[in-house]
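Q: I'd like to go over a predicted model; first the sequence, then the structure.
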Amino acid sequence: MDDNLKRARTEALFRDVNERIAESAERFAAPSTQFVCECADAGCTHRLEATLVEYEHVREDGATFMLAPGHDHSDIERVVEVRGGFHIVEKVQKTVRDTVHRLNPRANAA
């Protein structure tokens, strides 16, 4: 499997996990929660504290993800925003960008 495709699938999997975390936080009316880092490292265990409003801001674009500082890979993404405990990155490499858009659960639910 192509390395960029593998990284995109890993990131999309972490995004799916965060979707479930956000749903749970909403049900319990939590103002913030700990999300998982959505980087390409399948073994990453970093947690990112964010409000649900911040999380929704990241999800506005199917090509943006939240990562722990320093977890970005300049060959596939660029940092577009720096928040207190996390960075927002946009996928720029074509295979990665196309894959994360295709695997976006919000786009597929529409």
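A: The structure has been received and is ready for your questions. Numbers count the residues shown, from 1 in each chain.
Q: after the top helix by length along the chain comes which helix or strand?
A: What stands out as the longest helix in the chain, according to DSSP state H, is helix 3-27. Using DSSP states H and E, the helix or strand that follows helix 3-27 in sequence is strand 32-36.
Q: can you list contacts of the helix or strand following that following strand?
A: Following strand 32-36 in sequence order, the next helix or strand is strand 47-51 (DSSP H and E). Taking contacts as Cβ atoms under 8 Å, 6 or more residues apart in numbering, the residues outside strand 47-51 that touch it are 31-37, 58, 66-68, 83, 85-86. Quick note: C-beta positions are derived from backbone N, CA and C, even for glycine.
Q: wait, isn't Asp63 in contact with Leu103?
A: In this structure residue 63 is Ala, not Asp. No: assessed by Cβ atoms under 8 Å, Ala63 is found out of contact with Leu103, at 11.2 Å.
Q: Quick one: neighbours of Glu38, just the number.
A: 28 (other Cβ atoms under 10 Å).
Q: Spell out for me which residue occupies the centre of the protein.
A: Centrality entry for the chain: nearest residue to the mean C-alpha point is Phe65, 3.1 Å, by Cα atoms, centre = their mean.
Q: what about the closest residue to that residue other than its chain neighbours, distance to His71?
A: Computed as Cβ to Cβ, 6 or more residues apart in numbering, the closest residue to Phe65 that is not its neighbour in sequence is Glu38, at 4.1 Å. From Glu38 across to His71, the span is 9 Å (Cβ to Cβ, to the nearest Å).
Q: Same question for Glu81.
A: 14 Å.
Q: between those two, who's got more neighbours?
A: Between Glu81 and His71, counted using other Cβ under 10 Å, the more crowded position is His71 (20 against 14).
Q: ok, the more buried one touching Gly43?
A: No: His71 lies out of contact with Gly43 (Cβ under 8 Å); the separation is 11.7 Å.
Q: And Met66, its phi and psi?
A: For Met66, the backbone dihedrals (degrees, to the nearest 10) come out as phi -110, psi 130.
Q: could we number from 775 for the rest of this?
A: In the new count, where the first residue is 775, that last one comes out as Met840.
Q: buried sites along stretch 780-790?
A: Buried positions in stretch 780-790, judged by neighbour count with 16 or more other Cβ atoms under 10 Å: Arg781, Ala782, Arg783, Thr784, Glu785, Ala786, Phe788, Arg789.
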